[in-house]
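Peer 1: quick check, what structure comes out for this input:
(2 chains)
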Number of protein chains: 2
Amino acid sequence: MINKNIIGKVLSFLLMGEAVFMLLTLLVSLIYKENDIKAFVYSFAITFGIGFLTFLLTRKGPVTISKREGYIIVTFGWIIFSFFGCLPFILSDAIPSFTDSFFETMSGFTTTGSSILNNIEELPHGILFWRSLIQWLGGMGFIVLSLAILPILGIGGMQLFVAEVPGPTPDKLHPRIKETAQKLWGIYILFTALETVLLYFGGMSVFDAICHSFTTMATGGYSTKQDSIGHWNSPYIQWVIIIFMFIAGTNFTLSYFGLHGKIRKVWENEEFRFYFFFTAGFSLIITLSLILFHDLPWFTAVTDAVFQVVSVITTTGFATADYELWTPFLSTLILILMFFGGSAGSTGGGVKIVRIVLLIKNGYFELKRLIHPQAVIPVRFNKRAVDQGIVHNVIAFIIFYVFIFAVGVVIMTFLEPNLDTAIGAVATTLGNIGPGIGSVGPTENFAHFSDVSKWFLSFLMLLGRLELFTVLLLFTRAFWKK
Amino acid sequence: MINKNIIGKVLSFLLMGEAVFMLLTLLVSLIYKENDIKAFVYSFAITFGIGFLTFLLTRKGPVTISKREGYIIVTFGWIIFSFFGCLPFILSDAIPSFTDSFFETMSGFTTTGSSILNNIEELPHGILFWRSLIQWLGGMGFIVLSLAILPILGIGGMQLFVAEVPGPTPDKLHPRIKETAQKLWGIYILFTALETVLLYFGGMSVFDAICHSFTTMATGGYSTKQDSIGHWNSPYIQWVIIIFMFIAGTNFTLSYFGLHGKIRKVWENEEFRFYFFFTAGFSLIITLSLILFHDLPWFTAVTDAVFQVVSVITTTGFATADYELWTPFLSTLILILMFFGGSAGSTGGGVKIVRIVLLIKNGYFELKRLIHPQAVIPVRFNKRAVDQGIVHNVIAFIIFYVFIFAVGVVIMTFLEPNLDTAIGAVATTLGNIGPGIGSVGPTENFAHFSDVSKWFLSFLMLLGRLELFTVLLLFTRAFWKK
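Peer 2: Next up, the predicted model:
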């Protein structure tokens, strides 16, 4: 039996938490004294009120959470967060349409960064701050989820990485999760602060520096400027952001080791090495092509190439150069990169490097098995044999990913009849990146899409962010049986 | 150790066999007394001569073939066939360029049907006959391969279907292969003859009827007319071809049962049922869309829809309507269909229905396993539990397929800078279909591609036709070691 009470209780806490962050944003509005003050007051009141009411209704009853309730909480938590999170946009009239507001908020919480805004610079500071803050919260929320909660539910690439995480006995987990979560929050805040300072030195205002640090560390990609990072035209700012995007796309437990001086432990990690080499490889090819095909001076070529590659592989989605103007070979490479994603346990979305690597290794071994059918050849990762169950899980994930991508493209060509645009929109939302190709390229946005498209793409963002299975499970009969 | 002698001997037989078919085509040239007579005489002399010389050099030595030699023979057999098979095109000046001739011949033998010809109707009858004949030979060659030989090598979807095929003890196999091959040839010739008669009644000349029956039964798709089947503008001809394409995309052992009145056995076959339902489902959606979006009268809509769906799902590639002019939703559906392919043990290429079905089933079970991690849930097919090894093989196949597709698209956008065209060209050649999308749509051809592109696409045709693994294995170190 699914215990509705416990689900309600957890969600009520989450709502009250969200309300507190609305209050924080109200401070920003009060500083700038713009027309969004009332919106945050009302949003806070509604969100906190409903959260508190729900808490009162559900406060009694047991406190243990079963796996099944876990899945429901995770999925609906994200939806409810987006539902209430869009109140400030609607109430301040920054985004009058409910569909648009929900899209923008879901895109924020899932750290996607696809936007429907055409007039970013005209918006009040409170609204812009809220837009960046929800990405920052979504990013950290996902790390905690992927490092602490998803492995318990039996999904998530991190199962693989943190073998030292405790077994799935529910009662023993709580202290460990709390401790892990605290450490991760610490690192997250530290990096965000460091980036803010560095961006401020590069000429950004304090406000812009904070907002961009939020969305960099979350690999979210929302900017306070319509032209994104291109607005500053400063190689210094671009390189600072490159470095922090790369960190945000790295497993946060590795960052923890790195901060404690265990550099060797970082480099010995196979996923990190592949992450580094994929990034370097794509950057090199694109740099050379930019010099050859587009006659760019080498420093501009390197900066543009590395920025775009890191922005896409980490699923951040900041823009400096319009890769749509590059030769189709390069924009196709960018499109392919959208299927990589950051490391497991990072704020990045997408398929994730560890899965790609396991897939390649398993494929090679499958060939070997054709020659030596009797040989038992386990896939090895980080010098250990990987459990077959995990390999199956990874393969199933990737197949679902490709399948959902294909079905998504068909549906999108029905809704917005253009193949390139459909491919770009589905790849970028499912991978939580931000800009796509076609009419949703880095200099365009999603405003011109129909409402149905926006709801559909919001669903894809959620699906991608929760690593598919959490959401897909809710659509199976087996899940709801007995 | 790889025995080069036995490889040479088998290939020499294949070459002499090919030469005999050149002699057969010479008869056609002699009937029409066109300028291609000399070309076939020389082609025969060269092919037979080299085949015979190779035979003399390799006739001594052992006659048992190991698995490894099997892989080499299969892959190189197809290449050598295409190499010599293009002689008539070059020597008759029908296709002066070697690259173009090789592309056209590989496209023929692999039953792809992508063409570089702009002037089909100007070519002599002998050349057109040869073009159709190589498809017919390639089609049958592949059935024998997929029903009799690939299962021994441990690959091919047919392992799954014909559980009654003998085990992989090499000495016991020869009589069974011969018997199977004879039966299959019988059915193949029967259907080809039947279609020829029916097409002749529909108003085709004997010559056109034979050529189109050849390329229908092979799911090849070469036509003697530049406008393909659209040339006749006859619903009768279209429906005859639809029926025979559908038969050609069905497992030939099922056709054997069907011909012996065991209709129930055909319908009980799960792959057949899915093949039927996929075809019907796509046809229905496209019919309705053609009526709604393009205002076609219902009979035209049904005929156009069913023809295109069957032509693409069976990987034939005949054209009547230009699906490029349809709304992008429909051309995207056609593109997705390119990843289905016919049934295992048919002349069709692509991924094959059985693999798609197993993939979907396995994906669903993977979700179930998340809820019940302890439960052992085997995938069932045709009412039997499917061996895990086969499921792995199927999954590896599909992952390689998608991976090769993605890499292929990147390479093609480098060679021919247009994303749609690249996607279409790679999907259609890897799937052995024929026409693609973009600038290689059903009313266009591959002539405008660069030589490098043509060689690359020829390679993809071979890769697709030999179900990837046979060719990929030759690129692994493990294969060549000791």
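Peer 1: what does the stretch 1-150 of chain A put close to chain B?
Peer 2: Residues of the stretch 1-150 of chain A found near chain B (CB under 8 Å from any CB of the partner chain) are A:67-68. To be clear about C-beta, it is placed using only N, CA and C from the backbone, and glycine gets the same treatment.
Peer 1: pLDDT below threshold where in the stretch 1-150 of chain A?
Peer 2: Residues of the stretch 1-150 of chain A that meet the criterion pLDDT under 70 lie in A:1, A:62-63, A:146-150.
Peer 1: the stretch 201-350 of chain A now?
Peer 2: Those would be none, if you go by pLDDT under 70 across the stretch 201-350 of chain A.
Peer 1: can you list the residues of it near chain B?
Peer 2: A:327-329, A:331-333, A:335-336, A:339.
Peer 1: how far away is A:Thr219 from A:Leu460?
Peer 2: Using CB to CB, to the nearest Å, A:Thr219 is found at 17 Å from A:Leu460.
Peer 1: between the two, tell me which one has more neighbours.
Peer 2: Each of A:Thr219 and A:Leu460 has its neighbours counted (other CB atoms under 10 Å in any protein chain shown); A:Thr219 has more, 36 against 27.
Peer 1: are we agreed that that one is in a helix?
Peer 2: No. With DSSP: H, G, I helix; E, B strand; the rest coil as the criterion, A:Thr219 is coil rather than part of a helix.
Peer 1: residues contacting it?
Peer 2: Contact analysis of A:Thr219 by CB atoms under 8 Å, 6 or more residues apart in numbering or on different chains lists A:111, A:139, A:245, A:248-249, A:314-317, A:342, A:346-349, A:432.
Peer 1: can you show me the strands along chain A?
Peer 2: A:380-381, A:384-385 (DSSP state E).
Peer 1: okay, those strands, which one's buried deepest?
Peer 2: Burial of the strands of chain A is given as mean neighbour count (mean count of other CB atoms under 10 Å in any protein chain shown); strand A:380-381 ranks first at a mean of 16.
Peer 1: that one pairs with which strands?
Peer 2: strand A:384-385 (antiparallel) (DSSP bridges).
Peer 1: tell me how far the strand it pairs with is from the chain's mean position?
Peer 2: Once both centres are worked out by CA atoms, centre = their mean, to the nearest Å, strand A:384-385 turns out to sit 29 Å from its chain's centre.
Peer 1: give the rounded mean pLDDT of it.
Peer 2: For strand A:384-385, mean pLDDT is 84.
Peer 1: what of stretch A:404-419?
Peer 2: Here stretch A:404-419 scores 94 as its mean pLDDT.
Peer 1: quick revisit: can you put the strands of chain A in TSV and add distance to B:Phe299?
Peer 2: TSV is the format used below for the strands of chain A (distance: least, CB to CB, whole Å):
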stretch	distance to B:Phe299
strand A:380-381	58
strand A:384-385	61
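Peer 1: relative to B:Ser213, which of those strands is closest?
Peer 2: Proximity to B:Ser213 (CB to CB) singles out strand A:380-381 among these, at 52.9 Å.
Peer 1: tell me the buried residues in the longest helix along chain A?
Peer 2: As assigned by DSSP state H, the longest helix anywhere in chain A is helix A:170-201. If you call a residue buried by 16 or more other CB atoms under 10 Å in any protein chain shown, then helix A:170-201 has these buried ones: A:173, A:177, A:180-181, A:184, A:187-188, A:191-192, A:195-196, A:198-200.
Peer 1: can I get those residues in a markdown table with pLDDT and distance to chain B?
Peer 2: Shown next, in a markdown table, are the buried residues of helix A:170-201 (pLDDT from 0 to 100; distance: CB to the nearest CB, whole Å):
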| residue | pLDDT | distance to chain B |
| --- | --- | --- |
| A:Leu173 | 39 | 17 |
| A:Ile177 | 67 | 20 |
| A:Thr180 | 74 | 23 |
| A:Ala181 | 76 | 24 |
| A:Leu184 | 83 | 25 |
| A:Ile187 | 91 | 30 |
| A:Tyr188 | 93 | 29 |
| A:Phe191 | 96 | 33 |
| A:Thr192 | 97 | 34 |
| A:Glu195 | 97 | 33 |
| A:Thr196 | 97 | 38 |
| A:Leu198 | 97 | 35 |
| A:Leu199 | 97 | 34 |
| A:Tyr200 | 97 | 40 |
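Peer 1: picking up where we left off before, in the residues of the stretch 201-350 of chain A next to chain B, find the pair that's most separated.
Peer 2: Longest span within these, CB to CB: A:Thr327 and A:Phe339, 20.2 Å.
Peer 1: ok now the longest helix of chain A, how far from the chain's centre?
Peer 2: 16 Å.
Peer 1: same question for stretch A:101-114.
Peer 2: How far stretch A:101-114 lies from its chain's middle: 10 Å, per CA atoms, centre = their mean.
Peer 1: equivalent analysis for stretch A:123-139, please.
Peer 2: Put simply, stretch A:123-139 sits 15 Å off its chain's centre (CA atoms, centre = their mean).
Peer 1: got it, and stretch A:115-131?
Peer 2: 20 Å.
Peer 1: first-to-last residue distance for it?
Peer 2: 10 Å (CA to CA, to the nearest Å).
Peer 1: in that stretch, which residues are buried?
Peer 2: A:115-117, A:120, A:123-131.
Peer 1: same check on stretch A:45-64?
Peer 2: A:46-48, A:50-51, A:54-55, A:58.
Peer 1: can you tell me which of the residues you listed end up in helices?
Peer 2: Counting by DSSP H, the buried residues of stretch A:45-64 contribute A:46-48, A:50-51, A:54-55, A:58 to helices.
Peer 1: can you name every helix or strand that the longest helix of chain A contacts?
Peer 2: On a contact count with 3 or more CB pairs under 8 Å, 6 or more residues apart in numbering or on different chains; DSSP states H and E, helix A:170-201 meets helix A:125-144, helix A:206-217, helix A:235-248, helix A:252-259.
Peer 1: got the contact list for the second one?
Peer 2: The list of residues contacting helix A:206-217 from outside it, by CB under 8 Å, 6+ apart, reads A:113, A:125, A:128-129, A:131-133, A:135-136, A:139, A:188, A:191-193, A:195-197, A:199-200, A:204, A:220-225, A:229, A:241, A:244-245, A:247-248, A:316, A:318, A:347.
Peer 1: would you map the helices across the stretch 251-400 of chain A?
Peer 2: Taking DSSP state H, counting those that start in this stretch, the helices of the stretch 251-400 of chain A run over residues A:252-259, A:263-268, A:270-294, A:298-313, A:328-337, A:353-371, A:388-415.
Peer 1: and the third one, what other elements does it pack with?
Peer 2: The reference is to helix A:270-294. helix A:298-313, helix A:328-337, helix A:353-371.
Peer 1: kindly recompute the last result at 6 Å.
Peer 2: helix A:298-313, helix A:353-371 (3 or more CB pairs under 6 Å, 6 or more residues apart in numbering or on different chains; DSSP states H and E).
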